[in-house]
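*Asks:* I need the structure of the sequence given here:
(2 chains)
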Amino acid sequence: MSIRKSRDWFSPDYMAQKPGIEATYGLHPLDEYLRKDRIPHIWCPGCGLGVILNAYLRALKDSEIAPEDTAVVSGIGCSGRAAGYVDVDSFHVTHGRAIPFATGLKVGNRDLITTVFSGDGDLFAIGGNHFIHAARRNVDFNVICVNNFNYGMTGGQAGPTTPSEAKTSTTPWGGFEQPFNLPAVAAGAGAVYVARWTTYHVEQLIKSLTEALKKKGFCFIEVLSPCPTGYGRKVGLKTGKKTMQHYKENSEIKNGADPSEVALDPDDPETSIIVGKFVDREAPTFQDVRGKIFGEARKELEVE
Amino acid sequence: MSVMKEGTYFMDGNTACAEGAIAAGCSFFAGYPITPASEILERIAQRFPELHGSYLQMEDELASIAAILGASWAGRKAMTATSGPGFSLMMENYGLGLMTETPCVIVNVMRGGPSTGLPTKVAQGDVNQTRWGTHGDVGVVVYAPSSPQEMFDMTIQAFNTAEKYRLPVILLSDEMVAHMTEKVEIPSKEDMVIMDRKKPRVPPSEFMPYCPDEDLVPPMANAGEGYSVHVTGLTHDEQGHPSVDERTQNMLVTRLIDKIRKNADDILDYDEYKIEDADMIIVAYGSVYRSAVEAVDMARDKGYKVGLLRPKTIWPFPEDRIYDLARKGTDAFLVAEINFGQIVFEVERCTAGACRTYLAPKMGGSIHTPEEIFDRIVAIDKGEIPPFKE
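*Replies:* I've put the predicted structure just below:
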């Protein structure tokens, strides 16, 4: 007996044979933002990336941002594949370099509403230096960091957010480094908007993303996300559901909390995961300041 | 206020490069300070307010090149400038630029290496890095200017080639040319040829972002123009979608290489000097070319039949021309370069054993004097030096 895999079930060929599916069920409300021919995605069962991408697209729709006015830039890794599924100008660039690429894109065309969608390893290990400088510069774009505590795509290696002493494929005896507290890094480097949610907090995440899309300046949203395949199975969170339950039971919303006091250890059920919007402040953006300085320069040079 | 007025100026190479970029329509620059290329960033910073251009001083060269790729997709003509240590860092996104066919210009003002080496002194040690520095199989275009005038002209040429063939083009200068001050003639706007990338000729629903025209170059839709283009460093099909399919990989990489190879006649550029009856031909590029011209005159005065071939594009390399010369009576090629032998391998390959190839290497942070090259010519003539062997 041949077993039909879900991948075959939804393959473009299958869809072509069944033109009735769309006619019967109509478009998904977010289909206008998706490259439908690229679905199904490559993400594992139980992965949180679908939830986060869905939240991002919902935020775009709620903000009434047309696909042609927005751009998504991703680095490398599972999260990096998000750029391939959104039907907007989308860039899947080198490992760690999504932020400087987005800097060029946004400064090159200030009308593009630009979002960097990438993972914790991409943004904070190989790309860590770019992150702090983009926050310092306050270039006007948003960074969504999908934090699954490990390098999922390459097989569950430890990364800059992996909890100390957690067992991963490169820390088989337990890790011995301290993880970043990402909201504190972002706030310390100058981000004007900093929030953390988990894939359990979908509505709050959509609200934060909507606020970030409207806000001028460098906005950072960390989203804790299950990775049952790469990380969870080694730390007792073997399914997406179990991880979601873990988020539900251990999260505590503390809007306005001091980012330096929200460090987390998701392996320790006694410790609460502090989520919320931590920073929302006003500061002149890179382009505001440059516009002012260049304007003064032009006056001095007596040119238009 | 924009491009410098037509006229004759006294200008250093780095300034001429920045002005050439402005003349070519460059409106985005991202860079990181490094000797001996910093003056390009400084000149741009001085000039861009009046031009309404955008420049960013980035946190490193990894970021600089990433930013110009992003800006290029935003529709800007973009440039960065660096030297060896920064150029090494750029190899990663140089590959991304080649893979995603992103037009831009990378200036490398070569200084002494390896590593930190001789920051303030000249060398030509990065020549093969421009060809083979990034991983994977690529076709590249590299210009080697020999004067401030050429820093101006070739920067424009580099932008034109980048736009026409959709790739990051390298202007491979060196410290001597960059810091030399000389006469630079700036032509009138009408006399300058400025090229722009091909744009899509079909509506977004029919647009295939990586489907090439006959010249093997696909038209380019910039971000924000409604084409919802997907751009990836992964192997991709004509739609731009990632693929691990053998045929797709073969088609893509073959085209990226053929794009340069099959258009080499259009891109290739070289000069020849007193070559018709020459028994020995000197090959020199960049600052060394200047000494080589004098060395040829000195040798001619003493009765040696010496000529000079000078690649203006290092890549593509004038391989057919060297092959022809080697087969039609040239006894020897002498490559003079400020390294321990890089282009000499190319010359030796192109002669295909039809004649001997010699090297005049140079270390220490200065260019060959004409006398040094001349002495080498005499020594080769007397049989005192063996042909090049690594």
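
*Asks:* Whether stretch A:181-200 contacts chain B - can you check?
*Replies:* No: on the criterion CB under 8 Å from any CB of the partner chain, stretch A:181-200 is out of touch with chain B, staying 11.4 Å away. Using the backbone N, CA and C atoms, a C-beta is placed for each residue, glycine as well.

*Asks:* residues near residue B:141, how many?
*Replies:* The number of residues packed near residue B:141 is 26, by other CB atoms under 10 Å in any protein chain shown.

*Asks:* check contacts around it.
*Replies:* By CB atoms under 8 Å, 6 or more residues apart in numbering or on different chains, the contact set of residue B:141 is B:158, B:161-162, B:165, B:167, B:169-170, B:260, B:267, B:313, B:315-316.

*Asks:* do residue A:33 as well
*Replies:* With CB under 8 Å, 6+ apart, residue A:33 has these contacts: A:57, A:60-61, A:67, A:86-88.

*Asks:* I'd like to know which of these is nearest to residue B:371.
*Replies:* residue A:88 (62.7 Å; CB to CB).

*Asks:* In chain B, where's the longest strand?
*Replies:* In chain B, assigned by DSSP state E, the strand with the most residues is strand B:104-112.

*Asks:* circling back to that earlier point, could I get the contacts of residue B:141 as CSV with neighbour count?
*Replies:* Converted to CSV, those look like this (neighbours: other CB atoms under 10 Å in any protein chain shown):
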residue, neighbour count
B:158, 29
B:161, 24
B:162, 27
B:165, 22
B:167, 26
B:169, 29
B:170, 27
B:260, 22
B:267, 20
B:313, 24
B:315, 24
B:316, 21
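
*Asks:* Among those, which ones are in helices?
*Replies:* The helices, defined by DSSP state H, take in B:158, B:161-162, B:165, B:260, B:267 from these.

*Asks:* quick check, nearest of those residues to residue A:137?
*Replies:* Closest to residue A:137, out of all of those and judged by CB to CB, is residue B:162, at 26.4 Å.

*Asks:* just checking, that closest one touches residue B:101?
*Replies:* No: taking contacts as CB atoms under 8 Å, residue B:162 lies outside contact range of residue B:101: 10.1 Å.

*Asks:* got the residue ranges for the strands in the stretch 201-350 of chain B?
*Replies:* B:230-232, B:270-273, B:280-283, B:306-311, B:313-315, B:332-336 (DSSP state E, counting those that start in this stretch).

*Asks:* Would you mind finding the most buried of those strands?
*Replies:* Counting by mean count of other CB atoms under 10 Å in any protein chain shown, strand B:280-283 has the highest mean neighbour count of these, with a mean of 27.

*Asks:* Identify all contacting residues around that strand.
*Replies:* B:275, B:292, B:295-296, B:304-311, B:322, B:325, B:330-336, B:343, B:347, B:373, B:377, B:380-381.

*Asks:* Return only those of the residues you listed found close to chain A.
*Replies:* Among the contacts of strand B:280-283, proximity to chain A is found for none (CB under 8 Å from any CB).

*Asks:* which parts of the stretch 101-250 of chain A sit against chain B?
*Replies:* Residues of the stretch 101-250 of chain A lying near chain B (CB under 8 Å from any CB): A:101-109, A:111-112, A:129-130, A:133, A:137.

*Asks:* hang on, the earlier thing: going by distance to chain A, which of the contacts of residue B:141 wins?
*Replies:* Closest to chain A out of these is residue B:162 (15.3 Å), distances taken as CB to the nearest CB.

*Asks:* Quick check: the gap between the closest one and residue A:198.
*Replies:* According to CB to CB, to the nearest Å, residue B:162 and residue A:198 sit 45 Å apart.

*Asks:* As a quick check, tell me the outermost residue of chain B.
*Replies:* residue B:205 (36.9 Å; CA atoms, centre = their mean).

*Asks:* gap between that residue and residue B:40?
*Replies:* In terms of CB to CB, residue B:205 sits 42 Å off from residue B:40.

*Asks:* rewinding a little: and the residue farthest from the centre of chain B, how close does it get to chain A?
*Replies:* To chain A, residue B:205 is 12 Å away according to CB to the nearest CB, to the nearest Å.

*Asks:* and the gap between that residue and residue B:197?
*Replies:* 21 Å.

*Asks:* Let me see the contact set for residue 36.
*Replies:* Using chain A. Counting by CB under 8 Å, 6+ apart, residue A:36 touches residue A:87.

*Asks:* that answer is for a different chain, and I need it for chain B
*Replies:* If you count contacts by CB under 8 Å, 6+ apart, residue B:36 has them with B:14, B:83, B:109, B:111, B:119-120, B:175, B:178-179.

*Asks:* Which stretches in the stretch 151-300 of chain A count as helices?
*Replies:* A:182-189, A:202-214, A:240-250, A:286-301 (DSSP state H, counting those that start in this stretch).

*Asks:* Do I have it right that residue A:194 meets residue A:275?
*Replies:* No: using CB under 8 Å, residue A:194 is not in contact with residue A:275, being 11.7 Å away.

*Asks:* In which helix or strand does residue B:176 reside?
*Replies:* helix B:175-179 (DSSP states H and E).

*Asks:* Which other helices and strands does that helix contact?
*Replies:* helix B:13-24, strand B:104-112, strand B:118-122, helix B:148-165 (3 or more CB pairs under 8 Å, 6 or more residues apart in numbering or on different chains; DSSP states H and E).
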